[in-house]
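**Student:** Quick one, fold the following:
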Amino acid sequence: MVSAPQALEQLKEGNRRFVSHVLGSDSLSIPTRPAELSTEQKPFAIILGCSDSRSPAEIIFAQGLGDLFVIRVAGNIAAPSQVGSVEFAAEQFGTRLVVVLGHSSCGAIHATLEELARPTEGRSSNLGFIVDCIRPAIEGIWEAGQSQEKSTLVKQAVRANIRASANHLRHGSKVLENLIRNQGLCIVGAEYSLETGMVDFFDTPPLPE
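**Tutor:** I've put the predicted structure just below:
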């Protein structure tokens, strides 16, 4: 089993390769081993990321088939189906690192800020669900920062939303709480920069030894 600290270092190293365009033998640019993975998988990290087409986790961390268990949803929200998916992977595969991965200029964050500024009547209930999931994390930022530049608000809101999803995983699931307390599971928050390609792991609790 790959420990949380080992998994985090593998992700950091993969992102360094991605940023420097030096892709190693485990990256998606190299044919991987689908036949070997047809009967089992042992992903070393779970990624709860945004669905944005510019932030595919396997690519930005330079990983290949079977390396990452990726859950993607607009706004990287931790709704019940996403929490259940994280629980499944952590229990089924023994994966000990979960990363909530947001990104700069997130469209779901923009949509939520727009909804806070100008509530709409005709929004799809499905999209409204995503906005309602994000709203509690960023409402205070919007109320306190209406005089700021929108770009500043978005930056603050992106990080607040990542923290909120990470905290919900840490404290909103008895399964995950037990794994954190007794089996070395670690949940961290990170932001991917669309501009530079770099991932900043800014919300990292103390890692188990």
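**Student:** any idea of the mean pLDDT in the lengthiest helix in the chain?
**Tutor:** Criterion DSSP state H: the longest helix present in the chain is helix 150-171. Taken as a whole, helix 150-171 has a mean pLDDT of 96.
**Student:** I'd like the distance from that helix to the chain centre, please.
**Tutor:** Here helix 150-171 is found 11 Å from its chain centre; the criterion is CA atoms, centre = their mean, to the nearest Å.
**Student:** name the helices or strands packed onto that helix?
**Tutor:** When contacts are defined as 3 or more CB pairs under 8 Å, 6 or more residues apart in numbering; DSSP states H and E, helix 150-171 sits against helix 80-93, strand 97-103, helix 107-117, helix 125-144, helix 174-183, strand 186-192, strand 199-203. C-beta coordinates here come from the backbone N, C-alpha and C atoms, glycine included.
**Student:** relative to helix 174-183, how tilted is that helix?
**Tutor:** 70 degrees (axes from the mean of the first three to the mean of the last three CA atoms, to 10 degrees).
**Student:** got a list of contacts for helix 150-171?
**Tutor:** 48, 75-78, 83, 86, 98, 100-106, 109-110, 112-113, 134, 136-138, 141-142, 145, 176-177, 180, 187-191, 202-203, 205 (CB atoms under 8 Å, 6 or more residues apart in numbering).
**Student:** Which of the helices and strands packed on helix 150-171 sits closest to Phe61?
**Tutor:** Of all the helices and strands packed on helix 150-171, it is strand 199-203 that lies closest to Phe61, at 7.5 Å by CB to CB.
**Student:** and the closest one with strand 97-103, angle?
**Tutor:** For strand 199-203 against strand 97-103, the angle by the same axes, to 10 degrees is 110 degrees.
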